[in-house]
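Chemist: Need coordinates for the below:
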Amino acid sequence: MVLATRLQRLGFEVSVATFYPGGALESALAGTGVRLISTQKAGRWDVLGFARRLHRIVDELKPAVIQSFLGPPNIFSALLQPFHRGSRIVWGVRASDMDLSLYDYSWRLTAFLERRLSRIPDRIMVNSKAGLDYGAAVGLPVEKIVVISNGFDTEVFAPNPDARVQLRAEWGVSGDQRLIGMAARLDPIKDHEGFLRTAALLKDDSTLRFVCVGGGQGEYVEALKQ
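Modeler: Numbering: from 1, shown residues only. Just a heads-up that it's a prediction; the model follows:
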């Protein structure tokens with residue numbers, strides 16, 4: 001979102017295409033001048049219809065640059081290339097050192113297709129040196145990889161003493177307790193199991209409270225809850 005809005009302020013015409021409607025971006029981008037378009041993906045297996053709708057959107061926009069983020073969007077952006085040769089394609093690869101055995105076959109298929117199509121994009125952006133090393137190890141073309149660290153809007157993500165007091169009151173955390181948090185989606189790569197095991201080792205310390213912030217679904221989430 002920050003990238004889209006800052007580019008817009010610099011005078012570029014920016015459009016953001018999402019898989020599904022109703023996400024957080026809709027309200028966040030309202031009034032920024034960034035055009036938000038939903039491809040109206042009907043579900044996980046809506047592939048051909050989704051691809052046709054995405055092609056029509058790109059055909060209408062005729063963008064100079066198509067920037068995609070993560071596996072499935074990267075794959076679809078690469079498949080657009082034969083039909084939109086006037087657009088440069090930039091991939092965003094945000095994960096590193098993934099143990100694919102922890103995920104279902106669709107993740108392994110996505111990783112396989114991403115590797116096979118990785119010669120198509122003009123650039124591949126990673127957000128860390130670890131991401132560069134991982135990309136090289138799995139066969140992504142190193143000469144196309146560029147490391148650009150994550151940026152944060154420090155006017156938004158800044159200490160807020162009032163919010164701190166309010167949130168601790170809502171959660172019943174007293175002033176003399178230390179609150180240890182993990183903010184991440186509920187996904188094996190984030191290692192919530194390690195966080196929970198650590199919390200269990202310190203459960204007798206009444207000065208500590210632990211909290212996980214983030215969503216997820218499926219058997220993995222249920223296993224974490226248990």
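Chemist: Can you tell me the closest non-neighbouring residue to residue 174?
Modeler: residue 168 (7.8 Å; Cβ to Cβ, 6 or more residues apart in numbering). Every C-beta, even on glycine, is put in place using the N, C-alpha and C of the backbone.
Chemist: what about that neighbour, how many neighbours?
Modeler: Residue 168 has 15 neighbouring residues, counting by other Cβ atoms under 10 Å.
Chemist: from memory residue 207 sits against residue 176, does it?
Modeler: Yes. Using Cβ atoms under 8 Å as the test, residue 207 is close enough to residue 176 to be in contact (6.6 Å).
Chemist: hmm, back to that, report the secondary structure element holding the residue nearest to residue 174.
Modeler: Element membership for residue 168, per DSSP states H and E: helix 161-171.
Chemist: now residue 203: how far from residue 197?
Modeler: 11 Å (Cβ to Cβ, to the nearest Å).
Chemist: hmm, who's touching the helix or strand of the chain with the lowest mean pLDDT?
Modeler: Using mean pLDDT, DSSP states H and E, helix 24-28 stands out as the lowest-scoring helix or strand of the chain, at a mean of 81. Residues from elsewhere that reach helix 24-28 (Cβ atoms under 8 Å, 6 or more residues apart in numbering): 1, 16, 18, 36.
Chemist: Out of those residues, flag the one nearest to residue 63.
Modeler: residue 16 (11.2 Å; Cβ to Cβ).
Chemist: Could you look up the SS state of the closest one?
Modeler: In three-state terms, and counting by DSSP: H, G, I helix; E, B strand; the rest coil, residue 16 is strand.
Chemist: How about the contacts made by residue 19?
Modeler: 38, 39, 41, 50, 72, 73.
Chemist: Now with 7 Å, please.
Modeler: Residues in contact with residue 19 (Cβ atoms under 7 Å, 6 or more residues apart in numbering) are 39, 41.
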